[in-house]
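Chemist: here is the input, now give the coordinates:
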Amino acid sequence: MLLKENLSHFSVTESLRKFLIQDYKIPSNSIYVLRDCCNMMKLKTASAPFAGYNITELLSNSIVVVSSTSWTNDENFDILIDSLKKLKSSANGKRWVFIITGDGPNRTMYENQLKGLASEKLIIMTAWLSTTEYFGLLSTHTKS
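Modeler: Have a look, this model is predicted:
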């Protein structure tokens, strides 16, 4: 719930800021965009054919899913892995890019499982990103 009475609001992209102003009538001088340019080259692709790929171009021509995780036992990665298997076997013709950010004890184990699912139409990337880099990633893909 957005409260217009708040002194200030923040968003991660300029597009979200414009949306809040237009659709929620939030005063423009009270919304601040918390984003910065990020180093997209930190993304490590589990899909070998796309190593060194122009990340910005890749993101602009794909369906993109971004998720953060702590890679711990309390997170059920079987749901994600099963979903990726179904998506890989579907013949929808679209290219999907899954970007999973975070760090934790099970990261390497799950990265190894994810490598076997990657293909030309299903690109899976993992990275540890700082808050600034994470906001930068989100703003890179957001269309104005």
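
Chemist: list the buried ones in stretch 105-112?
Modeler: Residues of stretch 105-112 classed as buried by neighbour count (16 or more other C-beta atoms under 10 Å): 107, 110. C-beta here means a position set from N, CA and C on the backbone, and glycine is covered the same way.

Chemist: oops, could you answer that again for stretch 79-93 instead?
Modeler: Neighbour counts over stretch 79-93 (16+ other C-beta under 10 Å) mark 80, 84, 87 as buried.

Chemist: which residues sit against the one helix or strand residue 87 maps to?
Modeler: Taking DSSP states H and E as the definition, one finds residue 87 inside helix 77-89. Contact with helix 77-89 is made by 96, 98, 106, 110, 113-114, 117, 119, 121-122, 124, as judged by C-beta atoms under 8 Å, 6 or more residues apart in numbering.

Chemist: circling back to that earlier point, just the buried residues of stretch 79-93 now: which is nearest residue 102?
Modeler: When the buried residues of stretch 79-93 are ranked by distance to residue 102 (C-beta to C-beta), residue 80 comes first, at 12.7 Å.

Chemist: so how far is residue 13 from that closest one?
Modeler: 25 Å (C-beta to C-beta, to the nearest Å).

Chemist: and if you look at residue 137?
Modeler: 11 Å.

Chemist: try residue 73
Modeler: 33 Å.

Chemist: let's verify residue 125: helix, strand, or coil?
Modeler: strand (DSSP: H, G, I helix; E, B strand; the rest coil).

Chemist: what ranges does the protein have for its helices?
Modeler: Secondary structure of the chain (DSSP state H): helices located at 14-24, 55-60, 77-89, 107-115, 131-141.

Chemist: distance to residue 32 and mean pLDDT added to these, as a markdown table?
Modeler: Shown next, in a markdown table, are the helices of the chain (distance: least, C-beta to C-beta, whole Å; pLDDT from 0 to 100):
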| stretch | distance to residue 32 | mean pLDDT |
| --- | --- | --- |
| helix 14-24 | 8 | 86 |
| helix 55-60 | 24 | 70 |
| helix 77-89 | 33 | 88 |
| helix 107-115 | 32 | 90 |
| helix 131-141 | 12 | 70 |
